[in-house]
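*Asks:* quick one: sequence plus predicted model below, questions after.
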Amino acid sequence: MILNTALSKIAMYQSWKSLDPGPKYPIDIRFAAMPALTKKNIRDNFPQGVVPSDMDIEQGLANGEIQLVETSGTTDDKVTNIWNQKWWDASERASWQLNSYMSKIATGNHREAILVNPRNVGTISDNVDLPVEKRRLARFLYLNEKTDPLSWSNAIMDRMIRELDTYQPAVLEANPSYLARLCRYITDTNKTVFQPGAIVFTYEYPTIYHYLQIHRVFSKVLLISSYGSTETGYVFMQCEECKWHQNSEFCRVDFQPFLPEHGGPLLGRILVTPLNNPWSYLVRFDAGDIVRLEETGKCSCDRSSGLILASIAGRKANLTLTCSGRLVTLLELDTVMGRLKGIDMYKLIQTDRSNYELHLVSRAPEGKNLTEAVIPELKKLYGREAGITVIHDPDIAPENSGKYLVSGTLFPIDLNNYLDKRNILRLNEGGI
Ligand SMILES: [Zn+2]
């Protein structure tokens, strides 16, 4: 069992040993007694301290079983991981079973086009346009080799459209913001494009505007959201009823509710323990995801293994605070922003406790009136005393990680102050 192995054989968990109530207790109680594992823990112990002391990383690298992969991001975010392709593929295959439609069209041999930042996956080539054969790998076609999507010329976007027409992928996997950008171009130029069997969103939170812009072009295509990370593999997949199901065969998920005044007990953060990966022993890894549990605990698709979520509410890095200090998730902000008309993109940054900077991109005629329309809406959300500065931008660039930041704060938020400890302790008391 992964917790026993972690505590007995892995250097990173030595300080956790004294917290373990012991093997006599139910596994949920033992997990609940453990802290959250952070990227800093991994960085401080990498590489030999994150695997059992008898595992030979050099040998795993030499025989090609594993690779070392550095995730992109800020210094705080950056971490090197042991990448096990075989496990990753198996985790992805299992996630397809959580959506009836995906389980039919995703055979494992199906053609897949990928529209993401090459910093996340693919080959980077900012100065030279790569010919299609340099962007093909097995059953995959990488549509984009540029780290900055703002540099996409019309010729590059025409190439993407042409390649989708020729390649005819069963699945198009995309960063929603990147696909939305391509879709805005397709709509503006009255072009049409091949319709794949399904579009799967990865890497980023899809906003209401992403959905609208993509749906306008891919009106007959099923848009499915998949959730996970380099460290955890595929954790949640949206089913055909639009709820999220845990990929239980490949991960354990611990849910920690927020305090009621911050959206608990249904809203909270998750800690993920990947399973079945002989090279990964991450216990209760905090990938920074904020989720809302499905209140009934059920879904009409009848899948019942693991957690069922009503929604993914964004990441910790997307949280903002009202002027009175209440947590606001990206989902809550996006629901407010989604009511407005004429927005192409937006980014909201909270600069201090009561000031907010909203960047807006709009090419629509109603765009010039957006300032007057958006301020009252944001004051309703954040408080009457909120100082809202609206900045009209011609475009918004992604972060260095290759992902777009839709919302966030310039100051740190320590989630430990918002967790409902009574609720977590109650679980402990039940068993101890
Ligand atoms: Zn379902």
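*Replies:* Good, I have the coordinates. Numbering: from 1, shown residues only.
*Asks:* C-alpha only now, for contacts and for neighbours.
*Replies:* OK.
*Asks:* so which bits of this structure are right by the ion?
*Replies:* The chain comes close to the ion at residues 239, 299, 301, as judged by Cα under 5 Å from the ion.
*Asks:* do you know the pLDDT at the first one?
*Replies:* Pointing back at residue 239 there. Here, the pLDDT recorded for residue 239 equals 97.
*Asks:* show me which of the residues of the chain next to the ion are buried.
*Replies:* Burial by neighbour count, judged by 16 or more other Cα atoms under 10 Å, picks out 239, 299 from the residues of the chain next to the ion.
*Asks:* I'd like the residues of the chain next to the ion as a markdown table, with secondary structure appended.
*Replies:* Output for the residues of the chain next to the ion, formatted as a markdown table (DSSP: H, G, I helix; E, B strand; the rest coil):
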| residue | secondary structure |
| --- | --- |
| 239 | coil |
| 299 | coil |
| 301 | coil |
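*Asks:* so which of the residues of the chain next to the ion comes closest to residue 343?
*Replies:* Distance to residue 343 across these (Cα to Cα) is lowest for residue 239, with 28.7 Å.
*Asks:* residues near residue 394, how many?
*Replies:* 11 (other Cα atoms under 10 Å).
*Asks:* quick check, it in a strand?
*Replies:* No - secondary structure of residue 394 (three-state DSSP): coil, not part of a strand.
*Asks:* quick check: it touching residue 361?
*Replies:* Yes - Residue 394 lies in contact with residue 361 (Cα atoms under 8 Å); the separation is 5.8 Å.
*Asks:* for residue 181, helix, strand, or coil?
*Replies:* helix.
*Asks:* give me the pLDDT for it.
*Replies:* Residue 181 is assigned 98 on the pLDDT scale.
*Asks:* how far away is it from residue 153?
*Replies:* Applying Cα to Cα, to the nearest Å, the value for residue 181 to residue 153 is 12 Å.
*Asks:* of these two, who's got more company?
*Replies:* residue 181 (19 against 10).
*Asks:* ok and the residue in the stretch 101-250 of the chain nearest the ion?
*Replies:* Nearest residue of the stretch 101-250 of the chain to the ion: residue 239, at 4.6 Å (Cα to the ion).
*Asks:* how many neighbours does the residue lying closest to that residue once chain neighbours are set aside have?
*Replies:* Nearest residue to residue 239, sequence neighbours excluded (Cα to Cα, 6 or more residues apart in numbering): residue 99, at 4.3 Å. For residue 99, the count of nearby residues is 21 (other Cα under 10 Å).
*Asks:* same thing with residue 154?
*Replies:* Using other Cα under 10 Å, the number of residues around residue 154 comes to 11.
*Asks:* read off the pLDDT value for residue 45.
*Replies:* pLDDT, residue 45: 93.
*Asks:* tell me which strands the helix or strand harbouring residue 356 pairs with, and in which orientation.
*Replies:* If you go by DSSP states H and E, residue 356 is part of strand 355-361. Strand 355-361 has its sheet partners listed here by DSSP bridges as strand 345-352 (antiparallel), strand 387-392 (parallel).
*Asks:* would you mind writing the CA trace of the first one as CSV?
*Replies:* Included here for strand 345-352 are C-alpha records, laid out as CSV according to Å, rounded to 0.1, in the frame of the first residue of the first chain:
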residue,chain,number,x,y,z
MET,A,345,-11.0,37.7,-23.4
TYR,A,346,-10.6,39.0,-19.9
LYS,A,347,-8.1,38.8,-16.9
LEU,A,348,-8.9,40.0,-13.4
ILE,A,349,-6.1,40.7,-11.0
GLN,A,350,-6.7,41.7,-7.4
THR,A,351,-3.9,44.1,-6.5
ASP,A,352,-4.7,44.5,-2.8
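*Asks:* in it, what counts as buried?
*Replies:* By neighbour count on 16+ other Cα under 10 Å, the buried set for strand 345-352 is 345, 346, 347, 348, 349, 350.
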